[in-house]
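S.K.: let's see this in three dimensions:
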Amino acid sequence: ALVIDAHNNLYVSDARNNSIRKITPNAVVTTLAGGKANPKAEHAGCDDGAAEIATFYTPAGLALDKQGNVYVADAVNHRIRKIAASDGMVSTFLGGGASGMKNGTFVDGDGTHARFNGPMSVAIDSKSEFIYVADAFNHRIRRFPLSSDRFGCRACAVSDCTLM
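M.R.: Residues are numbered from 1 along each chain as shown. Here you go, the predicted model:
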């Protein structure tokens, strides 16, 4: 996936190397996050923390909010990860790592209580109020609020989410 910020920096999800790259308008390529140690699949992971130690497992879709935070559909980890613009810290924004449904029901909820099955793409609305997730193997587009003050939680409770 590719996404461009307000300064024409290009962000690339490098699924094979489990990393997120940043390419400046002057063609300077850096690793924004991931790619820890050896980029082979056995070194993939779901470690949160500083960009240089964070790990991903087949990062797919990317989106940017108005503050410049990068959101990553971390497909094999079944999570949506956030790379903070302020300090480069990587955190799990949505998803707990368990895939799919629980007892035959989709699991929405705040933060790590939501469950995905191969999230492949993410998008953020123009006001940076909602993040949309293409939950590929659950065959759904799901919507969650970005703001922690919108519904009193970082993601959303079941009654606040929309399954499309």
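
S.K.: quick check on Asn138: phi, psi?
M.R.: Main-chain dihedrals, Asn138, degrees, to the nearest 10: phi -90, psi 0.

S.K.: surely it touches Gly100?
M.R.: Yes: using CB atoms under 8 Å, Asn138 is in contact with Gly100, at 6.6 Å. The way it works is simple: take the backbone N, C-alpha and C, and place the C-beta from them, glycine included.

S.K.: what do these two both touch?
M.R.: In terms of CB atoms under 8 Å, 6 or more residues apart in numbering, Asn138 and Gly100 are both contacted by the residues Asn117.

S.K.: and those two? Which one has more around it.
M.R.: Asn138 (21 against 15; other CB atoms under 10 Å).

S.K.: pull up the gap between the more buried one and Lys82, please.
M.R.: Per CB to CB, to the nearest Å, Asn138 is found 21 Å from Lys82.

S.K.: remind me which residues of the protein are low pLDDT?
M.R.: Within the chain, the ranges that satisfy pLDDT under 70 run 36-43, 101-106, 148-164.

S.K.: mind listing the strands for it?
M.R.: According to DSSP state E, the chain carries its strands in the segments 2-4, 10-14, 19-23, 29-34, 59-64, 70-74, 79-83, 90-94, 119-124, 130-135, 140-145, 162-163.

S.K.: any chance of these in CSV, plus mean neighbour count and distance to Gly49?
M.R.: Conversion of the strands of the chain to CSV gives the following (neighbours: other CB atoms under 10 Å; distance: least, CB to CB, whole Å):
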stretch, mean neighbour count, distance to Gly49
strand 2-4, 14, 22
strand 10-14, 19, 19
strand 19-23, 20, 14
strand 29-34, 19, 10
strand 59-64, 22, 16
strand 70-74, 28, 14
strand 79-83, 25, 11
strand 90-94, 23, 6
strand 119-124, 20, 21
strand 130-135, 21, 21
strand 140-145, 19, 23
strand 162-163, 12, 32
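
S.K.: now the residue of the chain most remote from its centre. Its backbone dihedrals?
M.R.: Residue farthest from the centre of the chain, counting by CA atoms, centre = their mean, is Asn26 at 26.3 Å. Asn26 has phi and psi values of phi -90, psi 10 when expressed as degrees, to the nearest 10.

S.K.: residues touching it, list them.
M.R.: Asn26 makes no contacts at all, as judged by CB under 8 Å, 6+ apart.

S.K.: same thing with Asn117?
M.R.: 78, 99-101, 135-138.

S.K.: can you rerun that using 7 Å?
M.R.: Asn117 makes contact with 78, 99-100, 135, 137-138, according to CB atoms under 7 Å, 6 or more residues apart in numbering.
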